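>>> Sequence first, then the predicted structure:
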Amino acid sequence: MAILSFAPAYIVPLLGTLFGIYAITRLLTPEQYGHYALVVSLMAMCQSGLFTWLDLGAKRYFERAMREGKLSVLSRTAYLGLGISTVLLTVLCFVGLGLVALPHDLVAMIWVGAAVTVAKEASTLSKVMELSSLARTRYTLMECAESLIGLAVGLSLCWHLDMGAIGILWGMFVGAAVIVLFDAPRIVARLRGGRVDLGLQKEIAAFAAPISLAFFAEYVVASADRLLVQYFLGAEDLGIYAVSYSIAERAVTAVFLALSIASYPLVVRAFERDGAKAARRQASDNAELLMTIAVPALGGFCVAAGHIAPVLVGPAFAARAAQLMPPIAIAVFLSALRAHYFSHVQHLTNRTWRLLIALAPAAVLNIALNVVLLPRIGLMGGVWASVVAYAVGLVISIVQAKREFGWPFPYRETAKAAAATLVMCVAILLMHFPPGPVGLGLLIACGALIYGVLVLALDIGRTRQKVRPMAARLRLRLANG
């Protein structure tokens, strides 16, 4: 249950993001939101291609560096990489903006987005060090503070100073910069006495570069979706597609990210200390908990989409977003299960280039299906293209994980969770909840209560075994007064 103790580090930023969507979709038109989403997609693409390898490498090699007394070496090596990647991003922006004629406002947004990308990576390196050492409280405070400060500043600039979407970007920059300043004393301490280890730099690059390439390809596909939507359907449809995708992605991946924050370091620690068998055992425990929570989260989101959309997004977005969100949630679930569980095999074995075996076919298929379906059936065509492509990628990844590492998966517990989720969804559909926040809250509460009873009745994820010690401790505490 130690994994769950890290959940606030994602849940609080998730709630902040959803509130941000609520506010932004009432401050911006669908067309303006479409342009903002395009810049954010470019930021994500640059971050994945130029910076992701740094935090992945730091997370993977932290345990070894601590054991060998080389944390300062790892830190100096990582921050050298941060400097190199920043220079490359700057050059890329100059070259790209020099080749393409864009409106002045969009150019300004791109440059601010570049600054945000660097600041967020610097804050991510600080948080990765805390996470890898399983410093729960400090990591959670840093993660939550960055999100909430960024949201507060961004909305203030967007609303009170009428800066529009660029104000939201400046808020992100401030949030990340505050975390870097807060962690500055520890950054200096981690760097003190170390040296740049080019050998370690090469080892990190060899491990993380294929993962970065895989993430980059995935973000290229996501950005290609948006570019193709704009090309075939226009900026207004792009804004609706982007906000629908944002809500579904954050809601469904909340479970995966909240659990994988700690589950991946635990698997790495088990592998480094006790070998492959211990890593598989830890992974099996992680997967049971993951599927016990992720499956009902997906089902509940799909049946509640008609209540969620009017509450979270502005009237100009709500009706079409409610239709798009359920299939998008399915696509996101398939993608997240591959990325946050089955792909860990390639991370542990350092054969990260094999990630592309699953991702490349999915990427090509996604783009091809978008080109075929978008002109014919509109936005829903792009959504179903993602569902098919991500399903193909997941199947390939499952086969790889089994073949390369004997990676476990709790099929029986997942089937039990799916059955309980089906009962929960049918029960929710038979009930009538009033529109608005109150109705949505009642729907969520009823769904959670029904599923919770079924979890205990069916003992999904060996819940009874895990709950008994907690109940015994609580009774003892109450008895002792």
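Nice, thanks for sending it over.
>>> What helices and strands are in contact with the host helix or strand of G83?
When elements are assigned from DSSP states H and E, G83 belongs to helix 71-99. Packed against helix 71-99, as judged by 3 or more CB pairs under 8 Å, 6 or more residues apart in numbering; DSSP states H and E, are the following elements: helix 30-50, helix 52-67, helix 104-132, helix 184-191, helix 198-233. In short, each C-beta sits where N, CA and C put it, glycine included.
>>> how far off helix 52-67 does it point, in degrees?
170 degrees (axes from the mean of the first three to the mean of the last three CA atoms, to 10 degrees).
>>> when you give positions from now on, start the count at 29
OK, 29 is where the count begins now, so the last one is helix 99-127.
>>> Buried residues in helix 99-127, which are they?
99-107, 109-110, 113-114, 117, 121 (16 or more other CB atoms under 10 Å).
>>> related to what we said a few turns ago, got the helices and strands packed on helix 99-127 as TSV, with mean neighbour count columns?
Putting the helices and strands packed on helix 99-127 into TSV (neighbours: other CB atoms under 10 Å) gives the following:
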stretch	mean neighbour count
helix 58-78	21
helix 80-95	21
helix 132-160	20
helix 212-219	14
helix 226-261	19
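>>> got a markdown table for these, with distance to Y418 too?
Listed next are the helices and strands packed on helix 99-127 as a markdown table, based on distance: least, CB to CB, whole Å:
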| stretch | distance to Y418 |
| --- | --- |
| helix 58-78 | 17 |
| helix 80-95 | 19 |
| helix 132-160 | 25 |
| helix 212-219 | 37 |
| helix 226-261 | 10 |
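>>> for the nearest residue to L84 once chain neighbours are set aside, what are its contacts?
In space, and not counting its chain neighbours, L84 is closest to A236: 4.2 Å by CB to CB, 6 or more residues apart in numbering. With contact set as CB atoms under 8 Å, 6 or more residues apart in numbering, A236 has these partners: T80, W81, L82, L84, G85, R88, T380.
>>> The first one and P238 touch, don't they?
It stands for T80. No. Contact criterion CB atoms under 8 Å: T80 and P238 do not qualify, at 11.0 Å.
>>> what about A476, which helix or strand?
Counting by DSSP H and E, A476 is part of helix 465-486.
>>> tell me which strands and helices that helix is in contact with?
helix 304-340, helix 439-458, helix 491-507.
>>> list the buried ones in the second one?
The reference is to helix 439-458. Going by neighbour count (16+ other CB under 10 Å), the buried part of helix 439-458 is E441, T442, K444, A445, A448, T449, M452, C453, A455, I456.
>>> and what of the first one?
By neighbour count, and taking 16+ other CB under 10 Å as the criterion, the buried residues in helix 304-340 are 307-308, 310-311, 313-340.
>>> which ones are touching A322?
Neighbours of A322 in contact, by CB under 8 Å, 6+ apart: V280, V283, F284, F361, A364, L365.
>>> right, I mislabeled it, should have said L255
L66.
>>> Give me the buried positions along the longest helix along the chain.
Secondary structure of the chain per DSSP state H: the longest helix is helix 263-302. By 16+ other CB under 10 Å, the buried positions in helix 263-302 come out as 263-300.
>>> and that helix with helix 80-95, angle?
Interaxial angle of helix 263-302 relative to helix 80-95 (the same axes, to 10 degrees): 20 degrees.
>>> helices or strands next to the strand or helix carrying L422 in the packing?
Using DSSP H and E, the element containing L422 is helix 407-433. Applying 3+ CB pairs under 8 Å, 6+ apart, one finds that helix 407-433 contacts helix 226-261, helix 263-302, helix 343-365, helix 372-377, helix 383-405.
>>> Make JSON lines out of those and add mean pLDDT and distance to R164.
Formatted as JSON lines, those follow (pLDDT from 0 to 100; distance: least, CB to CB, whole Å):
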{"stretch": "helix 226-261", "mean pLDDT": "73", "distance to R164": "25"}
{"stretch": "helix 263-302", "mean pLDDT": "82", "distance to R164": "8"}
{"stretch": "helix 343-365", "mean pLDDT": "93", "distance to R164": "23"}
{"stretch": "helix 372-377", "mean pLDDT": "83", "distance to R164": "21"}
{"stretch": "helix 383-405", "mean pLDDT": "88", "distance to R164": "29"}
